[in-house]
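Engineer: just to be clear, the model below is a prediction. Sequence and coordinates:
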Amino acid sequence: MLDVVPWYKGLPELERDVVRSELRTVSLATGEYLFRPGSRSPGWYGVVEGLVKWSSPGTDGRTLSLAGFSTGSWFGEATMIRRERFEYEVVALRPSRIVILPRDACERLWNNNIEFTKALMTHLAQRVNWLMGSYTGNMLLDVDTTVARAVAAQLDAELYSGTHGRLKISQEEIASLCGVSRQRCNTALTRLARAGVLQTHYGGLTVLDTDALYRFAKISRTPGTDRGPA
């Protein structure tokens, strides 16, 4: 997974070896929580394989789905930098493996490697942009658009994974990420398929027209900034 991470490939070879030795790995079963609100942040999280959902539980028992993180995604940087406790939760939607880069290692890198610092700042800026878009989506957009955004997010997250538009994500997982029923999600995906945007198949889907997907998702794309909520 590290070999396709841009910030890691930009490190000197010796530093790459040190980073590999500092990583910790966590395995999660489907439905198992990586952490819940109130937990302390040990560092920066990266998804080696699998799919986890980032959500915020409400006091009324309902949960707001914020995003999904798949292979190659990194998350938890804001809480790590602020040295605060998590205010949200992350749960596995399928068996997943997560790596943790300890905060001390991250601090060493952002103090001594300008490329890592730039990558982290870019990551934070993209996260803010995504959250603003998600807020707009939850307030203003219909379910079809929300589903298209969820698919676009997974496509962005796997941009460097060599999947060529083929995503291993089920309709049930997309529905969970969007906070809608599986039936309503299936209706939205069927409309996207009929429009030639994607093709569903057993075990996932394939994006056929990336530009069309982003039009349906009502997301503006700037060349060179294709990453989503990674």
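Structural biologist: That came through, no problem.
Engineer: contacting residues for the residue nearest in space to the middle of the chain?
Structural biologist: Centroid check for the chain by CA atoms, centre = their mean gives Phe69 as the closest residue, at 2.8 Å. Phe69 is in contact with Tyr45, Val47, Leu51, Val52, Lys53, Trp54, Phe75, Val90, Ala157, Pro229, Ala230, counting by CB atoms under 8 Å, 6 or more residues apart in numbering. Quick note: C-beta positions are derived from backbone N, CA and C, even for glycine.
Engineer: helices - which of those residues land there?
Structural biologist: Counting by DSSP state H, these place Ala157 in helices.
Engineer: next one: phi and psi at the residue nearest to the centre of the chain?
Structural biologist: phi -120, psi 120 (degrees, to the nearest 10).
Engineer: and the gap between it and Thr190?
Structural biologist: 26 Å (CB to CB, to the nearest Å).
Engineer: give me the distance between stretch 204-211 and the centre of its chain.
Structural biologist: From the chain centre to the centre of stretch 204-211 is a distance of 17 Å (CA atoms, centre = their mean, to the nearest Å).
Engineer: give the buried residues for it.
Structural biologist: Buried positions in stretch 204-211, judged by neighbour count with 16 or more other CB atoms under 10 Å: Gly204, Leu205, Val207, Thr210.
Engineer: check what pLDDT the first one gets.
Structural biologist: Note for Gly204: predicted pLDDT of 90.
Engineer: just for this protein, where's the confidence low?
Structural biologist: Within the chain, the stretches with pLDDT under 70 are 133-141, 159-163, 220-230.
Engineer: apply 50 and report the result again.
Structural biologist: Applying pLDDT under 50 to the chain flags residues 222-230.
Engineer: how close does the spatially closest residue to Lys9 that is not a sequence neighbour sit to Arg85?
Structural biologist: Excluding its sequence neighbours, the residue lying closest to Lys9 (CB to CB, 6 or more residues apart in numbering) is Asp3, at 7.2 Å. According to CB to CB, Asp3 stands 33 Å off from Arg85.
Engineer: in terms of neighbours, single out the busier of those two.
Structural biologist: Between Asp3 and Arg85, Arg85 has the larger neighbour count (other CB atoms under 10 Å), namely 12 against 8.
Engineer: ok, that one touching Pro37?
Structural biologist: Yes. Using CB atoms under 8 Å, Arg85 makes contact with Pro37 at a distance of 7.5 Å.
Engineer: contacts only, for the residue nearest to Val147 when sequence neighbours are not counted.
Structural biologist: In space, and not counting its chain neighbours, Val147 is closest to Ala188: 3.9 Å by CB to CB, 6+ apart. By CB under 8 Å, 6+ apart, the contact list for Ala188 reads Val143, Asp144, Thr146, Val147, Ala148.
Engineer: go on, Leu23?
Structural biologist: Val99, Ile100, Leu101 are the contacts of Leu23 under CB under 8 Å, 6+ apart.
Engineer: and the strands in this protein?
Structural biologist: Secondary structure of the chain (DSSP state E): strands at 24-28, 33-35, 43-49, 51-57, 63-70, 74-75, 89-92, 96-102, 166-167, 198-201, 204-207.
Engineer: helices of the chain, residue ranges please.
Structural biologist: 6-9, 13-22, 77-82, 103-112, 114-140, 143-157, 171-178, 182-194, 210-217.
Engineer: roughly how far apart are Thr210 and Ala217?
Structural biologist: 10 Å.
Engineer: also Val18?
Structural biologist: 39 Å.
Engineer: for these two, indicate the residue with more neighbours.
Structural biologist: Ranked by neighbour count (other CB under 10 Å), Val18 and Ala217 place Ala217 first, with 25 against 14.
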